[in-house]
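Undergrad: would you be able to build a 3D model of this:
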Amino acid sequence: RVSPDLSRRLTPGEQLRSVRKPISKRACTNSTPTSCMMRASFQAARRVRTVRRLAVAPSSLKALIAHAEEATHGDLYAAALRAHSDVSTRCEAQLARLAALEATPGANVRGLGTLSALYRGVVGDLAAGDDLAATAKTPEDLNHLHRSLKSVEERVALFVPSVVDALKDGAVPDAAAALLEDCLAAHIGAATLLRNHLLAHAPELENPGATLAAAPIRGVGAARAEAPLAAIVGNAVGDAQLLCEHAYDLADPPPVSVAGDGAAACVPAHAVHVVRELLKNALVATIERHVAAHGDVPDDWDEPLPPVSVEVGASSIAVSDAGGGAPQADLDACLHVRPGLARYDRLDEPGGSYNSGSQKPISGVGMGLPLSKLYARHFGGGLALVASAGGVTATLELPTDPDAPEALPAAPDVANTAWGRR
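TA: Residues are numbered from 1 along each chain as shown. Next comes the predicted model:
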């Protein structure tokens, strides 16, 4: 939080006093003391937000790695305070974006309320830890702060499933598609900061109930300067094969051939997510085409499934299929959120997934590729779909400059929104 003239960051005491300004006696009429205090706090916090743009300083892969390494030779308390402050600023900005999303003509405010409520809870949890973050001086203080950040991370993780549910319910109008993508990109940024800090500085919280043979490794966060791409592909192949094997009741995993090797700077979890999505789409397209030509009973097929091929380059991963392809315009559209899509078949709901009986048992609301695009672009990479003879080639380009800043959406100008003026 900064001063109204943007000249300096407020001290913890000033932050606390800024939300304790009393509201008028009239506003407290017919209110309980508790509700009056809550309203006063909320209105004062809103006044602070509306005098400025919620500016977010972008990070980079190199900055994430440097932050993680502070666990072994840096000031742990300063690192925790910085992570808490950065995540708080990002989540406040996200809350403003979600308010703008609700204000979009045609939006279902009730359907989108879950998204705003989720981030309001996150902002509240972070605000409750402001003083602890600023004054932490003992290992016990640091442990309490890290447990608070872990709780925030678990809450933030619910955002993408909630977006899927909002799309399923038709709560997002077509006019809000670009703004929703901005919300998803900002969410990726905040979630990555949290994941990086907790992995490096509080690895003991990753699996607290397990009996560990060795002490958790500190100083290794979410980003890598040179992640082996073959390992990323290997982690994604098994998941995609298993999903399709069960969805189509295959006797054996659908074939995937992998060639090449390389290493690149990236967040490996992001890259695995993207490659898994590309492989799943390629395998589904290949199987669907094979089913159309040979029937839907795998035991009756008179020729085997053609393999999906993966080519690993120095800083790229290309997935090619023989699924029949699609017009290039349709492929380009697949990289954007399309609220009008009616398909939905979530794997964790009864009646969905493997036994749905649909022609395409692995389908959704069109979120897989747009989210993969945002993951790919977040630190300077990219994702491209190109129609080829008899199929599609999807290429993930990994970042080549570890210093490249995050691809964050512009900060919301809350003072010039209906939400900011209320």
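
Undergrad: and Leu278, how far is that from Ala240?
TA: Distance, Leu278 to Ala240, using Cβ to Cβ, to the nearest Å: 8 Å. Placement of C-beta: from N, CA and C, glycine included.

Undergrad: the strand or helix carrying Val233: how far from the chain's middle?
TA: Per DSSP states H and E, Val233 falls inside helix 229-247. Counting by Cα atoms, centre = their mean, to the nearest Å, helix 229-247 is centred 20 Å from the centre of its parent chain.

Undergrad: list the buried residues of it.
TA: 229-230, 232-233, 235-237, 240-241, 243-245, 247 (16 or more other Cβ atoms under 10 Å).

Undergrad: got a markdown table for the residues you listed, with distance to Ala100 and pLDDT too?
TA: Output for these, formatted as a markdown table (distance: Cβ to Cβ, whole Å; pLDDT from 0 to 100):
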| residue | distance to Ala100 | pLDDT |
| --- | --- | --- |
| Leu229 | 38 | 96 |
| Ala230 | 42 | 95 |
| Ile232 | 35 | 96 |
| Val233 | 38 | 97 |
| Asn235 | 37 | 95 |
| Ala236 | 35 | 96 |
| Val237 | 40 | 95 |
| Ala240 | 36 | 93 |
| Gln241 | 41 | 93 |
| Leu243 | 35 | 88 |
| Cys244 | 39 | 89 |
| Glu245 | 43 | 89 |
| Ala247 | 38 | 84 |
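
Undergrad: dump these to a markdown table, plus distance to Arg218.
TA: Formatted as a markdown table, these follow (distance: Cβ to Cβ, whole Å):
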| residue | distance to Arg218 |
| --- | --- |
| Leu229 | 26 |
| Ala230 | 27 |
| Ile232 | 23 |
| Val233 | 28 |
| Asn235 | 23 |
| Ala236 | 27 |
| Val237 | 30 |
| Ala240 | 32 |
| Gln241 | 34 |
| Leu243 | 34 |
| Cys244 | 38 |
| Glu245 | 38 |
| Ala247 | 40 |
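
Undergrad: and the helix holding Val233, what other elements does it pack with?
TA: For helix 229-247, the packing partners by 3 or more Cβ pairs under 8 Å, 6 or more residues apart in numbering; DSSP states H and E come out as strand 256-260, helix 268-294, strand 308-312, strand 316-320.

Undergrad: surely Asp182 and Pro409 touch.
TA: Yes. Using Cβ atoms under 8 Å, Asp182 is in contact with Pro409, at 3.7 Å.

Undergrad: shared neighbours of these two, which are they?
TA: Residues touching both Asp182 and Pro409 (Cβ atoms under 8 Å, 6 or more residues apart in numbering): Arg97.

Undergrad: residues in contact with Pro228?
TA: Asp261, Gly262, Ala263.

Undergrad: make it 7 Å
TA: Ala263 (Cβ atoms under 7 Å, 6 or more residues apart in numbering).

Undergrad: show me what it bridges to in the sheet.
TA: With DSSP bridges applied, Pro228 shows beta-bridge pairing to Ala263.

Undergrad: now do it against Ile217, distance only.
TA: Counting by Cβ to Cβ, the gap from Pro228 to Ile217 is 18 Å.

Undergrad: same check, this time on Cys266
TA: Cys266 is 19 Å from Ile217, by Cβ to Cβ.
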